[in-house]
Structure formats: structure tokens, C-alpha cells
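> could you look at this predicted model? Sequence included:
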Amino acid sequence: MTQQRRTQGPMLRFTKMHGLGNDFMVVDAISQPFRLRPEMIRELANRNFGIGFDQLLVVEPPGLPDVDFRYRIFNADGSEVEQCGNGARCFARFVRDQRLTNKKVIRVQTAKGVIELRVGREGMVMVNMGVPEFNPPAIPFAADRRKDVYTVDVDGQTVELSALSMGNPHGVLLVEDVDQAPVETLGPKLERHPRFPARANIGFLQILDRTHVRLRVFERGSGETLACGSGACAAVVAGCLRGLLDARVEVELRGGPLVIEWQGEGTPVMMEGPATSVFEGQLRLPGDSGGRRRRSARPHKQRS
Ligand SMILES: N[C@H](CCC[C@H](N)C(=O)O)C(=O)O
């Protein structure tokens, strides 16, 4: 039986990037048409059958005055979310590499507000991640009043955690040793716990001293990642609220270190770290009926 020839869709240019191993497919949706359904995002996120990434980052024209771009974020499961810290640093590098701007201070609109990206030396980027939110309905987290530490029942086990929003929801637990932490077992149970009605990113925080911590994060919609920028911010905020950390903390993640600073309630969390471009590629999207996708990739050209 002849294979019915399926229509082929347009080519899509993308760049593969990462922030400390938290990896992204980044798409300029200003210079090219772009519309992906969640099932398509899931396919592309697949590390065997697709490109493979933790999040898809999309650059769109600004929707607000005095903002340079709109920044949309999709998890590997296709869900659209409000914040991605490592992605924000890659976003800043991408829009300059692609000559979409030559600014060094870039304001981007996310689903939950506006964040400011500041490109520094040697590929480092500083991000103003905004002011953390603790009011349970705004996280969202089911609680009758705000607390610095909540107790949550997980299959009969009592777990103590902090809950807050960095634009996206986070739960943070203290552990003795991140290498022994039950990330694979407890992570998914807490990610989908009923007290997190929008699910949550779950951080396992080991405090070494008042200015150094280790962290692993089981991310909402993507599973454990090598690094999580908003998770690092949430972890430092949780540690500060418990009186265990100073204002400037080095967070050691599996993919490398981030520096996080927070001066206390009502002030924004500042994050500084690298942004790496790996390669540029293009793929053919399926036509309406779904078509064969050809993928070509070439090493990323370093911007002079
Ligand atoms: N990797 C991202 C977090 C993505 C958040 C996403 N997993 C969510 O559902 O909120 C970061 O560096 O902040």
C-alpha cells in the first residue's frame, strides 16, 4: 500500500541553549511564524524522538509599553508557565545573538509580570526575578493563613516545607544531604500534591553555612533538572525566612553555581549566572495532517 504523502509544514529555526544544564529550545517568533500545540511541544521535548529540552522559550513582540519583548515558557509536558530563571538568562543572550536588540538591559513581559535582564561580562547575566509572593492564594497553596513553614501529609508521612511564588509556584524542603534526598520519590508526589492546585516546583535544600547551599529541584512539568533558577531563588528566600541564610548566597546546583541575593520581604530576588548557546538548527514542522520532520543542526556561530 503506498504511503499516503503527507503535507509538509514550514521550516522552523531554533537555537539550543542551557543555563547550568537546564536546557532549552529557543524560538524567535518575531521573525518567523510560530504556533505549536502542546502535543507537538511534548514530541519536540522528547530526548529520543525529538530535540530534547526541559523548556521551550518563545520570543514574541512586546504586549506592553516600555517592555522590549514578551517571553513565553512551555514545560516539556507542553504546559505554559509563568517563570523560568535559567531561561531568562538564555533569553537575554539569544535576543542579542540574533540581533533582535543591542540593549544590555532588557525588559521582558512574562505571564506573571515584567522582569529585567542585565547582560554582563563573560556571558554572565543578572536577572531581577521580581518580588516573591507568600500569600497562599497567590502561590497558589492551600492554607488558611500564611506560614514560613507548613506541614503537609504525603501518603501518611508528614513533610515540612516552605511555599512561595517566584511568579511560578515552589515548595522548598530542608534535607541533610541532597545526594541522599528522595527527589525521585517525594518530588513527583509533592509536585502534584492537592495543596498545590497548580502543581509546583519542589526544591530539596541542603544548607552548608549562611552563604552556601546545595540544591536539587524536581520541576513542575519537566521532572528533575540539572538546575532551576527560580528554584534557587525560592530556596534562598525560604532559607532567609527561616533565619538560616544571609542576603547573598551561592547556590550549588547539579549543573553548577548561581549567586542569589535577597534583601528581605517586599524586595526583588536578584540572580546571576551564565547562559550558553550550543547549536542552531532548523526543523520542518508537520503540515496540518502531520508531516515528516527533517532536522538539521550546525554548531552555534560565536557572536564576535
Ligand atoms: N527551569 C526554570 C523553572 C521552570 C519552571 C517550570 N518548571 C514551572 O512549571 O514553573 C528555571 O530555571 O526557573
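Received it, and whenever you're ready, just let me know what you need.
> contact partners for Cys228?
The neighbourhood of Cys228, defined by CB atoms under 8 Å, 6 or more residues apart in numbering, consists of Asn22, Gly85, Asn86, Asn201, Gly203, Leu215, Val217, Glu219, Leu253. Every residue, glycine included, has its C-beta placed from N, CA and C.
> so which of these belong to helices?
Gly85, Asn86 (DSSP state H).
> tell me which parts of the stretch 201-304 of the chain are close to the ligand?
The stretch 201-304 of the chain comes close to the ligand at residues Asn201, Glu219, Arg220, Gly221, Ser222, Thr225, Cys228, Gly229, Ser230, Gly231, as judged by CB under 6 Å from any ligand atom.
> in strands only, show me the residues you listed.
Using DSSP state E to define strands, the subset of these located there is Asn201, Glu219, Thr225.
> and which of the contacts of Cys228 is nearest to Phe94?
Within the contacts of Cys228, distances to Phe94 taken as CB to CB reach their minimum at Asn86, with 12.5 Å.
> and that closest one, how far from the ligand?
3 Å (CB to the nearest ligand atom, to the nearest Å).
> burial check on that residue, number of neighbours?
Per other CB atoms under 10 Å, the neighbour tally for Asn86 reads 35.
> which residues does it contact?
His18, Gly19, Leu20, Asn22, Phe24, Ala227, Cys228, Gly229, Gly273, Ala275.
> same question, Leu258
Listed by CB under 8 Å, 6+ apart, the contact set of Leu258 reads Leu20, Ala227, Gly229, Ala232, Glu250, Val251, Met271, Glu272, Gly273.
> could I get those residues as a markdown table with distance to Ala76 and neighbour count?
Below are these laid out as a markdown table (distance: CB to CB, whole Å; neighbours: other CB atoms under 10 Å):
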| residue | distance to Ala76 | neighbour count |
| --- | --- | --- |
| Leu20 | 17 | 24 |
| Ala227 | 15 | 28 |
| Gly229 | 16 | 30 |
| Ala232 | 19 | 32 |
| Glu250 | 28 | 15 |
| Val251 | 23 | 28 |
| Met271 | 22 | 28 |
| Glu272 | 26 | 16 |
| Gly273 | 21 | 26 |
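> now distance to Gln263 too, for the residues you listed, in JSON lines please.
Supplementary listing: those in JSON lines, determined by distance: CB to CB, whole Å:
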{"residue": "Leu20", "distance to Gln263": "24"}
{"residue": "Ala227", "distance to Gln263": "23"}
{"residue": "Gly229", "distance to Gln263": "18"}
{"residue": "Ala232", "distance to Gln263": "16"}
{"residue": "Glu250", "distance to Gln263": "17"}
{"residue": "Val251", "distance to Gln263": "17"}
{"residue": "Met271", "distance to Gln263": "14"}
{"residue": "Glu272", "distance to Gln263": "15"}
{"residue": "Gly273", "distance to Gln263": "19"}
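> so which of these sit within helices?
Residues from these lying in helices, with DSSP H as the criterion: Gly229, Ala232.
> shouldn't Gly171 be in contact with Arg199?
No. Contact between Gly171 and Arg199 fails when scored by CB atoms under 8 Å: they sit 10.0 Å apart.
> so between these two, which is more surrounded?
A side-by-side neighbour count of Gly171 and Arg199, using other CB under 10 Å, places Gly171 first with 30 against 22.
> quick check: that one vs Val183, distance?
Separation of Gly171 from Val183 (CB to CB, to the nearest Å): 12 Å.
> show me where the stretch 151-300 of the chain has its helices.
Counting by DSSP state H, counting those that start in this stretch, residue ranges of the helices within the stretch 151-300 of the chain are 183-191, 229-241.
> packing partners for the first one?
Counting contacts by 3 or more CB pairs under 8 Å, 6 or more residues apart in numbering; DSSP states H and E, helix 183-191 is packed against strand 150-154, strand 157-165, strand 169-174, strand 201-209, strand 212-219, strand 223-225.
> what is the burial count for the closest residue in space to Ala76 that isn't next to it in sequence?
Distances taken as CB to CB, 6 or more residues apart in numbering put Ala45 closest to Ala76, at 3.8 Å, once the chain neighbours are dropped. Other residues near Ala45 number 24, with proximity taken as other CB under 10 Å.
> thanks a lot, see you next time.
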